[in-house]
Each structure stands twice: as structure tokens, then as C-alpha cells.
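Undergrad: Model the following, please.
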Amino acid sequence: MRFDYFPFWPLKYISLQLYSLEVVMKEEVTQAARYEQQLTTLERNIASELRETREIIAAFKAKKALVHDHIRTSEQMEAVNVPGIGRESARTLEIVNDVEWKLPGIRSQLVEIRKVYDLGRRRAQRLQAEMEWKAKTDFQQWRSTLLGKSPLSSQQVKREWLKLLWRFFFVMLALVALMYFVWTFRRG
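TA: Below you'll find the model as predicted:
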């Protein structure tokens, strides 16, 4: 509403003031509406932030309860398992000490077992060689003896002397045969 049509000057001044007041009022109302809108937006934002904060707090409380449950479970497991682990380690230590004490005896027994095994293996090889020797014919035995390939343990000690004896016998036989042929050729 404008008051410019009043002809009097003081009224004109009042009308200007009223006009200014009206403009100021409109600006204030506009400003108040803007503030109201900002407050509404702020309320919405605060409500949203509050809702999210409550959700975060609820999730935090759930995780905290879960952590407390895990702590309680681990304490129970510790109370049950730690003494058992201590007993088990003590028993294992006893076994290790016992084995450490018995180990030199076991090693000496192992050396003796190895010696007996090697002796048995050598005896078995000797027995096999003797069985193979006995399976040969007399001619094969005689030939092996002359060539020095007799595997018998009793003959191994006498091998050199026996070899010399057979060679001497063979040479004597050859000489006797040669003398017989010479005597037969001379006799005619």
C-alpha cells in the first residue's frame, strides 16, 4: 500500500515512512521465511544425523557385546586349556628326557644289530656260494680249483697251496704222458 497521493508534506513523510516500513516488513517476512526454511532443513538434517547416530550406537553396542562374549569365551578356554597344556608339556618333557637317557643304549643296540645283520648276510652269501659249489660237477669243481675260483671258505685258506698242488700234479701228468709217448716211439 502506497501513500504517495497525500498532498501534504508531513503526510507524505509519513507515507514514505510507512512505505519504508512496509518494505522492511516484507524483507523481514521474507527473511523469516528463509530462516524458517533453513530451520526446517536443519531439523531434517539433525533428525537424519540423529537416526544415523542411533544406528551407529546400536551397532557399536552389538559389537561391544560380541567382543565381551569373545573375551568371556577366551577366558573360559584359557581356564580349561592352559592347565592341560602345562600338563601335556610336562609329560612331553618327561618323554624327551626318557628318550635322551635311553638314546645311547639304543645306538649301541643298533650298532650290534647292524653287526649281526652284516655277519648273517656274509654267512648267507657264503652258504649260497657253497651250495652253488656243491651243485657243480666234479670236473667243474676241479677246473675251478685249478683256475683259482673256488668259493669255499675252508679252501680259501689253502687256495694257494691247493692251486700249486694241482698245477704240480698236472705238470707231472703231462711229463708222464710225454715220457710214455717218447718211450713208445723209441720202442717202435
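Undergrad: Now name the helix or strand holding residue 44.
TA: For residue 44, the element it lies in under DSSP states H and E is helix 9-135.
Undergrad: after that helix comes which helix or strand?
TA: Of the helices and strands lying after helix 9-135 in sequence (DSSP H and E), the nearest is helix 138-147.
Undergrad: What angle do helix 9-135 and that next one make with each other?
TA: Counting by axes from the mean of the first three to the mean of the last three C-alpha atoms, to 10 degrees, helix 138-147 lies at 110 degrees to helix 9-135.
Undergrad: In this structure, where is pLDDT below threshold?
TA: Within the chain, the set of residues satisfying pLDDT under 70 comprises 1-19, 145-160.
Undergrad: and with 50 instead?
TA: Low-confidence segments of the chain, defined by pLDDT under 50: 1-3, 6, 8-9, 11-12, 153, 157.
Undergrad: Does anything pack onto the helix holding residue 44? Which helices or strands?
TA: For helix 9-135, there is no helix or strand it packs on, judged by 3 or more C-beta pairs under 8 Å, 6 or more residues apart in numbering; DSSP states H and E. To be clear about C-beta, it is placed using only N, CA and C from the backbone, and glycine gets the same treatment.
Undergrad: Distance from the chain centre to it, please.
TA: If you compare the mean C-alpha spot of helix 9-135 with that of the full chain, they lie 23 Å apart, counting by C-alpha atoms, centre = their mean, to the nearest Å.
Undergrad: let's have the chain start at 23 instead
TA: Yes, from this point I'll number from 23; that puts the last item at helix 31-157.
Undergrad: Can you give me the distance of residue 112 to residue 186?
TA: Between residue 112 and residue 186 the distance, using C-beta to C-beta, to the nearest Å, works out to 74 Å.
Undergrad: ditto for residue 166
TA: The separation that residue 166 has from residue 186, given C-beta to C-beta, amounts to 16 Å.
Undergrad: do residue 154 as well
TA: Residue 154 sits at a distance of 25 Å from residue 186 (criterion: C-beta to C-beta).
Undergrad: hang on, the earlier thing: look at residue 166 and residue 186 and report which has more neighbours.
TA: Legend: neighbour count by other C-beta atoms under 10 Å for residue 166 and residue 186, higher for residue 166 (15 against 10).
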